[in-house]
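S.K.: just a sequence and a predicted model for now, questions to come.
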There are 2 protein chains.
Amino acid sequence: MKQQGKKKATIYDLSVLSGCSASTVSAVLNGTWRKRRIKESTAELIQSLAEQHQYTANLQARGLRSSRSGLVGLLLPVHDNRYFSSMAQTFEAQVRSHGKCPVVVSASRDPQEELATVETLISYSIDELFIAGATDPDSVHTLCEAAGIRHINIDLPGTKAPSVISDNYQGARMLTQAIIKRFDDADPLKPEELFLFGGRNDHASRERIKGFRDIKTELLGNDSDACIQPTGYSPDMTQKAFEAFYEREGKLPRGLFINSSINFEGLLRFMAQHPHETFADIVVGCYDYDPFGSFLPFPVIMIRQDTESMLAKAFELIEETRPAVKIHLIQPELVHPRTALKGPLDSIRDIDA
Amino acid sequence: MKQQGKKKATIYDLSVLSGCSASTVSAVLNGTWRKRRIKESTAELIQSLAEQHQYTANLQARGLRSSRSGLVGLLLPVHDNRYFSSMAQTFEAQVRSHGKCPVVVSASRDPQEELATVETLISYSIDELFIAGATDPDSVHTLCEAAGIRHINIDLPGTKAPSVISDNYQGARMLTQAIIKRFDDADPLKPEELFLFGGRNDHASRERIKGFRDIKTELLGNDSDACIQPTGYSPDMTQKAFEAFYEREGKLPRGLFINSSINFEGLLRFMAQHPHETFADIVVGCYDYDPFGSFLPFPVIMIRQDTESMLAKAFELIEETRPAVKIHLIQPELVHPRTALKGPLDSIRDIDA
DNA sequence: CTTTTTTGCACAATCGATGGTGCAAATAAT
DNA sequence: ATTATTTGCACCATCGATTGTGCAAAAAAG
């Protein structure tokens, strides 16, 4: 009844046990047996044998033969961040609901690493690849293309494969406006008091910066280059930028647009070094939602990118035979301060509380 | 020079191109060619051909033959949480540094899902499995055992495989003590003002509860069962528990020990529903570190579990031929309020800022 | 009781890489 | 020049599943 630490049972083992050929066993166990006109009783015999011996197919062998693996990949820049980790969570649920096996890997926002990682995934014959936040989506595309793997960009668009991204321009406009509106009419925010920190020269940052500047100019009449402080996606660099600013100005800007929660962590590091008064009256807008970030001691307005819709759309597109190479924008959501949204974890049933 | 959307090159293609046999090509490309006494010039020829045609080995085929895959798995309860996402990040880095390919999957803290997921991983012939926070590590062990897969428990221990976990008892003592000490001597915390929320009947929760109660009794002289409110690992249940408490008592306990950052999110949800005064004077201790959580408007003391050391130890053990089935405790770290620690993201070099 | 049709299954090639074995040619030893 | 070694590589079975094809036996048709 149970395997005693031996090898796993194969169709050949079951073939011997059942007296049928291996191909019959295979057909029965992969569900194609009706098409192959296998007798019902034969199928039942084999199935019960399979169960007794805890047979499970060797997926490498199956994948080798069929040149498909049942694996669906998600390439992430990093795991350790609520935006991407919730994307991973949502991704897994959606892939599983399609009966496939999710594989999530990160590549540290390093183009080399991205390509190497994708090469590896391809070598395992993954069936589909979701490319999230890749620095160089088009090179990844080339690899997938050559291997005939369906793929799609998420979060950061490419020019050679369909992309599903958050509407960064609109999101930035909403966020910037919300920051500005947050200030009292008695003491309104002045243009030189509203800064953007974080991001780099990628599509998302550019769009957000554009949205930021447009609204700023619209509502505050003016916007100078000095108010844009790209720092990359590094908490440390962001902290340094804040420190430098504080060094120069003796205070922080009253209005802060922070490009991502990763950059926001740079602000935390700054905060740890300074007394609370230093930022008692600031208003922060962060492009990304983090539940804890939403409850900080100053108003934090956040943008929650709609990863569910993005992934749903991506799944839809990736199923299409020849999806158009275009960018699909998904509207993000403005999250007011002190808001605890539900997330992918909420769909998990927690037994035995 | 470049493949035009064709199939990927195989050793057979290179065999034809080079005039050598497939086995020679294979030996050259997998590095065993010296052992097989292949002429250096032959090797060079084949290598350059491989490069020209962008050959990469089909890892499914290799895995099938060698019954190893080069994959190392990490089974997580969930992704969307800083503790586990930073574990995933660290895991990836460590696996890569060992020249293997990391695969991270989550199983929603559902025993069925855990087993099914592991079955799948085994079917892909993963070489090693790190089982983090499994509800039923011993069943997972049985599967791995039968398949001859090296495995180890992290975060939640099992009885059949070596385990590396955080010292939950000590951590809880440190945390509880820090909460108590946080109160003024003028108005010290009373035993009936210190509650523990969250967790379920798992090893970690039990140890933490024990540590909590021991220190509480030691320092405050008394501890009642009513002060322990397990709610499972669900933000929603935790919120409900807080709401119920507030309903009954008209206020929150001044001292709160929260079992995990997931439960802490339940407190956030409560906070969103109530004015700030409701918890102006509370002190929270959370078993788990979240950088944003550390900067909330009330003192939040956190425990950072040392995922790097845990994983490093786990890697060490998993390499051993016959590791003892024992529990290895890793000391966690107390994190004072308003602390922004460095994390695995900091080791990522951010180019092109 | 034939002939035709259907049913039920076995055979064998295949996916791509690995590694044991064997053998000819080149080189060294006698 | 002959024998003994060494060098360099080809051959082939193998990993476990999939799938097109073919062929008996059983059932239906005549």
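M.R.: Yep, it's here.

S.K.: wondering if the longest helix seen in chain A reaches chain B at all.
M.R.: Within chain A, and with DSSP state H defining each element, the longest helix by residue count is helix A:203-220. No: applying CB under 8 Å from any CB of the partner chain, one finds helix A:203-220 separated from chain B by no less than 10.5 Å. Where you see a C-beta, it was placed from the backbone N, CA and C, and this is true even at glycine.

S.K.: so is whatever helix or strand comes next after that helix next to chain B?
M.R.: Next in sequence after helix A:203-220, counting helices and strands by DSSP states H and E, comes strand A:228-229. No: Strand A:228-229 does not reach chain B (CB under 8 Å from any CB); its nearest approach is 10.4 Å.

S.K.: on the three-state scheme, A:Val103 is what?
M.R.: strand (DSSP: H, G, I helix; E, B strand; the rest coil).

S.K.: mind giving me the packing neighbours of the longest helix of chain A?
M.R.: Judged by 3 or more CB pairs under 8 Å, 6 or more residues apart in numbering or on different chains; DSSP states H and E, the packing partners of helix A:203-220 are strand A:163-166, helix A:168-181, strand A:194-197, strand A:228-229.

S.K.: try 6 Å this time
M.R.: Packing partners of helix A:203-220 (3 or more CB pairs under 6 Å, 6 or more residues apart in numbering or on different chains; DSSP states H and E): helix A:168-181.

S.K.: now do the helix it packs on, average pLDDT.
M.R.: For helix A:168-181, the mean pLDDT works out to 98.

S.K.: show me where the stretch 1-150 of chain A has its strands.
M.R.: According to DSSP state E, counting those that start in this stretch, the stretch 1-150 of chain A carries its strands in the segments A:71-76, A:101-106, A:128-132, A:150-154.

S.K.: give the pairing partners of the last one; include direction for each.
M.R.: Right, strand A:150-154. strand A:128-132 (parallel), strand A:163-166 (parallel) (DSSP bridges).

S.K.: what does the first one contact?
M.R.: I take that to be strand A:128-132. A:72-76, A:137, A:140, A:144, A:149-155, A:314, A:318 (CB atoms under 6 Å, 6 or more residues apart in numbering or on different chains).

S.K.: then the shortest one?
M.R.: When contacts are taken as CB under 6 Å, 6+ apart, the neighbours of strand A:163-166 outside the stretch itself are A:153-155, A:157, A:305, A:310, A:313-314, A:327-328, A:330, A:332.

S.K.: helices - which of those residues land there?
M.R.: Reading helices off these with DSSP H, I get A:310, A:313-314.

S.K.: of these, closest to B:Arg338?
M.R.: A:Met310 (33.8 Å; CB to CB).

S.K.: neighbours of that closest one, how many?
M.R.: Neighbours of A:Met310 under the rule other CB atoms under 10 Å in any protein chain shown: 24.

S.K.: which residues touch it?
M.R.: By CB under 6 Å, 6+ apart, the neighbours of A:Met310 are A:154, A:164, A:330.

S.K.: JSON lines for the strands of the stretch 1-150 of chain A, including mean neighbour count?
M.R.: Formatted as JSON lines, the strands of the stretch 1-150 of chain A follow (neighbours: other CB atoms under 10 Å in any protein chain shown):
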{"stretch": "strand A:71-76", "mean neighbour count": "27"}
{"stretch": "strand A:101-106", "mean neighbour count": "26"}
{"stretch": "strand A:128-132", "mean neighbour count": "26"}
{"stretch": "strand A:150-154", "mean neighbour count": "25"}
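
S.K.: would you turn those strands into TSV with mean pLDDT and distance to B:Glu247?
M.R.: Formatted as TSV, the strands of the stretch 1-150 of chain A follow (pLDDT from 0 to 100; distance: least, CB to CB, whole Å):
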stretch	mean pLDDT	distance to B:Glu247
strand A:71-76	96	41
strand A:101-106	93	40
strand A:128-132	97	42
strand A:150-154	96	43
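
S.K.: nearest to DNA strand C, out of the ones you listed?
M.R.: strand A:71-76 (16.2 Å; CB to the nearest atom of the strand).

S.K.: what's in contact with that closest one?
M.R.: With CB under 6 Å, 6+ apart, strand A:71-76 has contacts from A:84, A:91, A:95, A:100-104, A:106-107, A:121, A:126-132.

S.K.: need the residues of the stretch 51-200 of chain A near DNA strand C, please.
M.R.: Within the stretch 51-200 of chain A, the positions adjacent to DNA strand C are A:61, A:64-65, A:67 by CB under 7 Å from any atom of the strand.

S.K.: ok, of the residues you listed, which come out buried?
M.R.: Buried members of these, counted by 16 or more other CB atoms under 10 Å in any protein chain shown: A:61, A:64.

S.K.: out of the residues of the stretch 51-200 of chain A next to DNA strand C, which are inside helices?
M.R.: Using DSSP H, those in helices are A:61, A:64-65.

S.K.: need these in a markdown table with pLDDT, can you?
M.R.: Formatted as a markdown table, these follow (pLDDT from 0 to 100):
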| residue | pLDDT |
| --- | --- |
| A:Ala61 | 96 |
| A:Leu64 | 95 |
| A:Arg65 | 95 |
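
S.K.: could you export these as TSV, including distance to chain B?
M.R.: Shown next, in TSV, are these (distance: CB to the nearest CB, whole Å):
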residue	distance to chain B
A:Ala61	5
A:Leu64	5
A:Arg65	9
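
S.K.: out of those, who's nearest A:Ser261?
M.R.: A:Leu64 (41.4 Å).

S.K.: so A:Pro133 sits against A:Pro77, correct?
M.R.: You called it Pro, but residue A:133 is Gly. Yes: shown here, A:Gly133 and A:Pro77 form a contact pair, counting by CB atoms under 6 Å, at 4.2 Å.

S.K.: circling back: give me the buried subset of the contacts of strand A:163-166.
M.R.: A:153-155, A:157, A:305, A:310, A:313-314, A:328, A:330, A:332.
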